[in-house]
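Undergrad: quick one, what's the 3D model for this:
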Amino acid sequence: MSTKKLKIIGWKETVDLPDWGIEAIIAKSDTGARRSALDVSHVVELPGNQIQFDIVLDRKDRSRTKTVVAPIDHQTHVRSSNGEQHERYFVRTNVVIHGRLKEVEFSLVSRESMVCRILLGRKALEGDFLVDSSQKHVTGPRRKVRDLDE
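TA: Below you'll find the predicted structure:
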(Lines give C-alpha, C1' and ligand atoms only; values in the text may rest on other atoms or scores of the structure.)
Protein backbone atom coordinates (compact mmCIF):
# COMPACT_ATOMS: atom_id res chain seq x y z
CA MET A 1 0.00 0.00 0.00
CA SER A 2 1.31 3.44 -0.98
CA THR A 3 2.20 5.90 1.74
CA LYS A 4 1.86 8.87 -0.65
CA LYS A 5 -0.60 11.41 0.74
CA LEU A 6 -3.57 11.95 -1.57
CA LYS A 7 -4.30 15.57 -2.50
CA ILE A 8 -7.88 16.82 -2.50
CA ILE A 9 -9.06 18.51 -5.69
CA GLY A 10 -12.45 19.82 -6.80
CA TRP A 11 -14.55 18.54 -9.69
CA LYS A 12 -13.26 21.44 -11.81
CA GLU A 13 -9.65 22.68 -11.67
CA THR A 14 -7.08 24.45 -13.82
CA VAL A 15 -4.16 22.22 -14.85
CA ASP A 16 -0.94 22.77 -16.81
CA LEU A 17 0.40 20.83 -19.82
CA PRO A 18 4.09 21.83 -19.51
CA ASP A 19 5.40 19.71 -22.40
CA TRP A 20 3.09 21.59 -24.75
CA GLY A 21 3.49 25.08 -23.17
CA ILE A 22 -0.09 25.41 -21.91
CA GLU A 23 -0.99 26.78 -18.48
CA ALA A 24 -4.28 26.92 -16.62
CA ILE A 25 -6.52 24.95 -18.97
CA ILE A 26 -9.85 23.94 -17.42
CA ALA A 27 -10.20 20.26 -16.49
CA LYS A 28 -13.10 18.25 -15.11
CA SER A 29 -12.35 15.39 -12.73
CA ASP A 30 -14.69 12.54 -13.63
CA THR A 31 -14.39 9.43 -11.48
CA GLY A 32 -17.10 7.81 -13.59
CA ALA A 33 -14.81 7.84 -16.64
CA ARG A 34 -11.91 5.41 -16.86
CA ARG A 35 -9.85 7.36 -19.38
CA SER A 36 -8.98 11.01 -19.91
CA ALA A 37 -9.89 13.11 -22.94
CA LEU A 38 -8.53 16.28 -24.54
CA ASP A 39 -10.60 18.70 -26.67
CA VAL A 40 -8.96 18.88 -30.10
CA SER A 41 -9.71 19.77 -33.72
CA HIS A 42 -7.95 19.22 -37.05
CA VAL A 43 -6.48 15.80 -36.25
CA VAL A 44 -4.01 14.63 -38.94
CA GLU A 45 -2.05 11.37 -38.83
CA LEU A 46 1.57 11.91 -39.89
CA PRO A 47 4.23 9.45 -41.05
CA GLY A 48 6.37 7.82 -38.38
CA ASN A 49 3.52 7.07 -35.95
CA GLN A 50 3.02 10.80 -35.24
CA ILE A 51 -0.16 12.83 -35.02
CA GLN A 52 -0.82 16.56 -35.35
CA PHE A 53 -3.81 18.20 -33.67
CA ASP A 54 -5.04 21.57 -32.45
CA ILE A 55 -5.80 21.77 -28.72
CA VAL A 56 -8.85 23.98 -28.18
CA LEU A 57 -7.91 26.45 -25.44
CA ASP A 58 -11.16 28.37 -25.01
CA ARG A 59 -14.71 26.99 -24.94
CA LYS A 60 -16.24 30.26 -26.18
CA ASP A 61 -13.63 30.92 -28.88
CA ARG A 62 -12.82 27.58 -30.52
CA SER A 63 -10.49 29.35 -32.95
CA ARG A 64 -8.04 29.88 -30.08
CA THR A 65 -5.94 26.74 -30.41
CA LYS A 66 -2.41 25.42 -30.08
CA THR A 67 -1.00 23.02 -32.67
CA VAL A 68 0.87 20.03 -31.26
CA VAL A 69 2.67 17.07 -32.84
CA ALA A 70 2.99 13.99 -30.63
CA PRO A 71 3.72 10.28 -30.95
CA ILE A 72 0.62 8.09 -31.22
CA ASP A 73 0.48 5.88 -28.12
CA HIS A 74 -2.28 3.68 -29.58
CA GLN A 75 -5.72 3.70 -31.24
CA THR A 76 -8.81 1.96 -29.91
CA HIS A 77 -12.60 2.04 -29.86
CA VAL A 78 -14.04 4.12 -27.02
CA ARG A 79 -17.66 4.20 -25.90
CA SER A 80 -18.70 7.76 -25.04
CA SER A 81 -21.17 8.79 -22.34
CA ASN A 82 -24.02 8.61 -24.89
CA GLY A 83 -23.19 4.96 -25.63
CA GLU A 84 -21.77 5.49 -29.13
CA GLN A 85 -18.44 3.88 -30.05
CA HIS A 86 -15.75 5.77 -31.94
CA GLU A 87 -12.16 5.01 -32.90
CA ARG A 88 -9.82 7.42 -31.13
CA TYR A 89 -6.13 8.21 -31.10
CA PHE A 90 -4.33 8.27 -27.74
CA VAL A 91 -1.27 10.34 -26.80
CA ARG A 92 0.67 10.78 -23.55
CA THR A 93 1.92 13.98 -21.92
CA ASN A 94 2.78 15.36 -18.50
CA VAL A 95 0.10 17.22 -16.56
CA VAL A 96 0.54 19.36 -13.45
CA ILE A 97 -2.44 18.96 -11.13
CA HIS A 98 -2.33 20.73 -7.75
CA GLY A 99 1.48 21.00 -8.05
CA ARG A 100 1.95 17.28 -8.78
CA LEU A 101 3.46 16.24 -12.14
CA LYS A 102 1.92 13.13 -13.66
CA GLU A 103 2.05 11.47 -17.08
CA VAL A 104 -1.48 11.06 -18.40
CA GLU A 105 -2.83 9.24 -21.45
CA PHE A 106 -5.41 11.31 -23.37
CA SER A 107 -7.83 10.36 -26.10
CA LEU A 108 -8.19 13.05 -28.78
CA VAL A 109 -11.81 14.07 -29.27
CA SER A 110 -14.01 17.10 -29.91
CA ARG A 111 -15.50 18.20 -26.58
CA GLU A 112 -17.30 21.15 -28.20
CA SER A 113 -20.52 20.63 -26.25
CA MET A 114 -18.70 20.18 -22.92
CA VAL A 115 -17.87 22.87 -20.36
CA CYS A 116 -14.26 21.76 -19.75
CA ARG A 117 -11.51 21.28 -22.36
CA ILE A 118 -10.01 18.32 -20.48
CA LEU A 119 -11.62 15.38 -18.78
CA LEU A 120 -9.47 13.63 -16.16
CA GLY A 121 -10.59 10.04 -15.70
CA ARG A 122 -9.89 7.55 -12.92
CA LYS A 123 -6.59 6.35 -14.39
CA ALA A 124 -5.21 9.93 -14.25
CA LEU A 125 -6.43 10.52 -10.71
CA GLU A 126 -5.74 7.18 -8.99
CA GLY A 127 -3.00 7.08 -6.40
CA ASP A 128 -2.62 10.87 -6.21
CA PHE A 129 -5.96 12.63 -5.79
CA LEU A 130 -9.30 12.53 -3.99
CA VAL A 131 -12.12 14.45 -5.70
CA ASP A 132 -14.41 16.59 -3.54
CA SER A 133 -17.43 16.77 -5.82
CA SER A 134 -18.93 19.64 -3.82
CA GLN A 135 -15.99 21.96 -4.61
CA LYS A 136 -14.31 23.51 -7.66
CA HIS A 137 -10.97 25.34 -7.99
CA VAL A 138 -9.76 23.95 -4.66
CA THR A 139 -6.15 24.21 -5.83
CA GLY A 140 -6.31 27.98 -6.31
CA PRO A 141 -8.36 30.71 -7.96
CA ARG A 142 -9.42 30.17 -11.55
CA ARG A 143 -6.88 31.55 -14.01
CA LYS A 144 -7.14 32.28 -17.72
CA VAL A 145 -5.61 29.69 -20.01
CA ARG A 146 -2.21 30.72 -21.38
CA ASP A 147 -0.28 29.54 -24.40
CA LEU A 148 3.31 30.18 -23.28
CA ASP A 149 4.45 30.51 -26.92
CA GLU A 150 2.14 33.49 -27.66
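Undergrad: how about the strands in the protein?
TA: Defined through DSSP state E, the strands belonging to the chain, from first to last, are 7-10, 12-17, 22-29, 36-46, 50-56, 65-71, 74-79, 85-97, 100-109, 118-120, 129-132, 146-147.
Undergrad: most packed of those strands?
TA: Using mean count of other C-beta atoms under 10 Å, the stretch among the strands of the chain with the largest mean neighbour count is strand 118-120, at a mean of 25. From N, CA and C alone the C-beta is placed, and that goes for glycine too.
Undergrad: that one pairs with which strands, parallel or anti?
TA: Taking DSSP bridges as the criterion, strand 118-120 sits next to strand 22-29 (parallel), strand 36-46 (antiparallel) in its sheet.
Undergrad: if I look at the most centrally placed residue in the chain, how far off is Thr31?
TA: With distances taken as C-alpha atoms, centre = their mean, the residue of the chain nearest its centroid is Ile118 (3.6 Å). When distances are taken as C-beta to C-beta, to the nearest Å, Ile118 and Thr31 turn out to be 15 Å apart.
Undergrad: thinking again about what came up before, could you export the strands paired with strand 118-120 as TSV, including mean pLDDT and distance to Asp16?
TA: As requested, those are arranged in TSV below (pLDDT from 0 to 100; distance: least, C-beta to C-beta, whole Å):
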stretch	mean pLDDT	distance to Asp16
strand 22-29	96	5
strand 36-46	96	13
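Undergrad: out of the ones you listed, flag the one nearest Val145.
TA: Evaluated over those, closeness to Val145 peaks at strand 22-29, with 4.9 Å, by C-beta to C-beta.
Undergrad: next, the angle strand 100-109 makes with the closest one.
TA: Orientation of strand 22-29 against strand 100-109 (axes from the mean of the first three to the mean of the last three C-alpha atoms, to 10 degrees) gives an angle of 70 degrees.
Undergrad: so how far is strand 22-29 from its chain's centroid?
TA: Distance, stretch centre to chain centre, for strand 22-29: 7 Å (C-alpha atoms, centre = their mean, to the nearest Å).
Undergrad: stretch 140-150 too?
TA: 15 Å.
Undergrad: tally of neighbours for Arg143?
TA: One way to gauge burial is a neighbour count; for Arg143, by other C-beta atoms under 10 Å, it gives 13.
Undergrad: swap that for Lys123, sorry
TA: Applying other C-beta under 10 Å, we find 13 residues neighbouring Lys123.
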